[in-house]
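> Provide a 3D model corresponding to the input given below.
(one chain, ligands or ions: 1)
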Amino acid sequence: MSAKLQAPRGTFDVLPADAAPRHGVERAAQRILEAAGYRRIETPAFESTELFARGVGEATDIVQKEMFSFEEYSLRPEGTAPVCRAYLEHGMHKLAQPVKLWYLGAYFRHERPQAGRYRQFWQVGAEAIGSHDPSVDAEIIVLLHALLGELGARELRLRLASLGTPASRAGYRELLQAYLREHADDLSPEARTRIDLNPLRAFDAKDAATQRVMDRAPRLADHLDAEDREHFDAVTELLGRAGVEWELDDRLVRGLDYYTRTIFEFTSDALGAQSGVGGGGRYDGLIEQLGGQPTPGCGFAAGVERMLLAAEERPQPEAGCDLFLAWEPSERSDAFALATEARRAGLAAQLDLAGRSIKGQMKQADRAGARYVAILHPDGTVLRDMDSGQEEKVERPGVVAGVLKGRHAL
Ligand code: AMP
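You can find the predicted model right below:
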């Protein structure tokens, strides 16, 4: 006997019952982001592996362990590098800056699956490319805050930090590396192997001994230069003006290399271990790393599944059915033609597709929540108002008009 076929580990089917809330996320994102001038972009589900190696960073977990790669390609693990690749490829630097884009699609990471962590998940993201102004950072954060608010995400916290520029970070990195080497004996093997390539990740360690070392480690916040600090202060002032609360988290590390200055993350205390709902930051070096002119950028990405897990459940409206067409066997083609006419006239119309008895079809109409049922007999047509139970004989060509009129009268 052959093995039972199942969805791959860490993936899931979006069943009809799950579709409505997910669509709600898409509608809210579209409304909020497009009202602020962001326009939708979609990039391919896979890109050259080189893009992520250069864009996300050779030393990151994502590139080292989490990509699904084949030939010279990888399924996209994130959206910022592809959007920046598209910005360059389509010469968007010639447009008025910043170019404001948003996207929604599936992303892939070969992680150990657990609640809220999947190997295929969906993200909504926004990117504003081409301006250094701190109002960009603040706008990106405020828009994600608005989206999470609109979706009813519970127990949210916004953590914020500045990573400085590569120049201010380089000096700090050396300082941190020296400190980590001094305490290498107390670090987890993983943190120890990362001292050279990615020392900041030690702040993210789960291991208690490493955490104790990191409690006393030098902080980047104390080593920012004056311009970094000015930028950060301007961002937080603007957040204050928008009434968005935040907390400083100078241990915030994001798993991607491209960030400069502002980084942020929204977490929900209503979630378990995977509490990150969405985050992002500024990536002023990324476009240059991909081969373009130095171009600043800033964006967010938020997980659709995490946002829904963090949100209160809300009753979803039923799709509705204005007209159900029930038919005796000889009347199939008339019923089919009437359903087509009704749909063209804008009615939500359904038609029995399983050759049921009239009684069975009436049950089916009830299940569909039909407002009217037209019953096509060989010797005539009856239109039944399912609310009042009233029936009247009608001419077939008048069925659609009758339902439209009835719907109008409601
Ligand atoms: P990141 O690109 O890692 O900053 O992720 C941005 C957001 O995407 C996170 O805050 C999560 O909401 C979501 N996310 C990231 N990885 C996963 C995953 N493996 N499964 C589900 N959601 C994820």
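> does any bit of the single longest helix found in the chain sit next to the ligand?
If you go by DSSP state H, the chain has its longest helix at helix 16-35. No: applying C-beta under 6 Å from any ligand atom, one finds helix 16-35 separated from the ligand by no less than 11.7 Å. Quick note: C-beta positions are derived from backbone N, CA and C, even for glycine.
> what do you get for stretch 103-117?
Yes: contact of stretch 103-117 with the ligand (C-beta under 6 Å from any ligand atom) involves 109, 111, 117.
> most surrounded residue in the residues you listed?
Arg109 (21 neighbours; other C-beta atoms under 10 Å).
> so what's that residue up against?
By C-beta atoms under 8 Å, 6 or more residues apart in numbering, the contact list for Arg109 reads 62, 66-67, 77, 119, 121.
> close to the ligand: what parts of the stretch 301-410 of the chain are there?
301-303, 305-306.
> farthest pair in those residues?
Spatially, the most separated pair among those is Ala301 and Glu305, at 12.8 Å (C-beta to C-beta).
> export the residues of the stretch 301-410 of the chain next to the ligand as TSV, with columns for distance to Ala202, neighbour count and secondary structure.
Output for those, formatted as TSV (distance: C-beta to C-beta, whole Å; neighbours: other C-beta atoms under 10 Å; DSSP: H, G, I helix; E, B strand; the rest coil):
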residue	distance to Ala202	neighbour count	secondary structure
Ala301	24	19	strand
Ala302	26	26	strand
Gly303	25	22	strand
Glu305	29	20	helix
Arg306	25	25	helix
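> does Ile195 touch His183 like I think?
No: assessed by C-beta atoms under 8 Å, Ile195 is found out of contact with His183, at 10.1 Å.
> from Ala138, how far off is the residue of the stretch 1-150 of the chain found nearest the ligand?
Among all residues of the stretch 1-150 of the chain, Phe121 sits closest to the ligand, at 3.4 Å; criterion: C-beta to the nearest ligand atom. Going from Phe121 to Ala138 by C-beta to C-beta, to the nearest Å gives 27 Å.
> nearest residue to Arg229 in space, ignoring adjacent ones along the chain?
The spatial neighbour of Arg229 that comes closest, neighbours along the chain excluded (C-beta to C-beta, 6 or more residues apart in numbering), is Ser162 at 7.6 Å.
> please name the residues that touch the one you found.
220-221, 224, 228-229, 231-232, 261-263.
> which among the residues you listed gets closest to Glu34?
Among the contacts of Ser162, and counting by C-beta to C-beta, the member closest to Glu34 is Thr262, at 23.5 Å.
> ok, that closest one to Gly285 distance?
14 Å.
> same question for Arg27.
Note on Arg27: its distance to Gly285, by C-beta to C-beta, is 34 Å.
> please apply the same query to Gln211.
Distance from Gln211 to Gly285, by C-beta to C-beta: 29 Å.
> try Phe300
Taking C-beta to C-beta, one finds Phe300 at 18 Å from Gly285.
> re earlier: okay, the residues of the stretch 301-410 of the chain next to the ligand in a markdown table with pLDDT next?
Output for those, formatted as a markdown table (pLDDT from 0 to 100):
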| residue | pLDDT |
| --- | --- |
| Ala301 | 98 |
| Ala302 | 98 |
| Gly303 | 98 |
| Glu305 | 96 |
| Arg306 | 96 |
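> of these, which is the nearest to Glu150?
Nearest to Glu150 among these: Ala302, at 12.0 Å, using C-beta to C-beta.
> if the nearest residue to Gly125 once chain neighbours are set aside is in a bridge, with which residues?
Counting by C-beta to C-beta, 6+ apart, the nearest residue to Gly125 once its immediate chain neighbours are dropped is Ala301, at 4.0 Å. Bridge pairing for Ala301 (DSSP bridges) gives the partners Gly125, Gly279.
> hmm, Ala301 is touching Gly278, no?
Yes: judged on C-beta under 8 Å, Ala301 makes contact with Gly278 at a distance of 6.3 Å.
> what is the mean pLDDT for stretch 383-396?
Stretch 383-396 carries an average pLDDT of 95.
> and for stretch 65-74?
Here stretch 65-74 scores 96 as its mean pLDDT.
> helix, strand or coil for Glu392?
strand (DSSP: H, G, I helix; E, B strand; the rest coil).
> ignore what I typed, I meant Met362.
Classification of Met362 by three-state DSSP places it in helix.
> next, count neighbours for it.
Met362 has 19 neighbours, counted by other C-beta under 10 Å.
> could you list every residue that touches it?
Contacts of Met362 by C-beta under 8 Å, 6+ apart are 326, 373, 375.
> one more pass at 10 Å, please.
324, 326, 352, 356, 370, 373, 375, 384, 386 (C-beta atoms under 10 Å, 6 or more residues apart in numbering).
> likewise for Gln177?
195-196, 199, 202.
> now, among the residues you listed, which is nearest to the ligand?
When those are compared against the ligand (criterion: C-beta to the nearest ligand atom), the nearest one is Ala202, at 18.2 Å.
> correct me, but the closest one touches Arg212?
No: Ala202 lies out of contact with Arg212 (C-beta atoms under 10 Å); the separation is 11.5 Å.
> looking at the two, which is more packed in?
Just comparing Ala202 and Arg212: by other C-beta under 10 Å the higher neighbour count belongs to Ala202, 27 against 11.
> which residue packs closest to that one, ignoring adjacent ones?
Ala191 (4.4 Å).
> also Gly55?
Sequence neighbours aside, Ala81 is the residue nearest to Gly55 in space, at 3.0 Å (criterion: C-beta to C-beta, 6+ apart).
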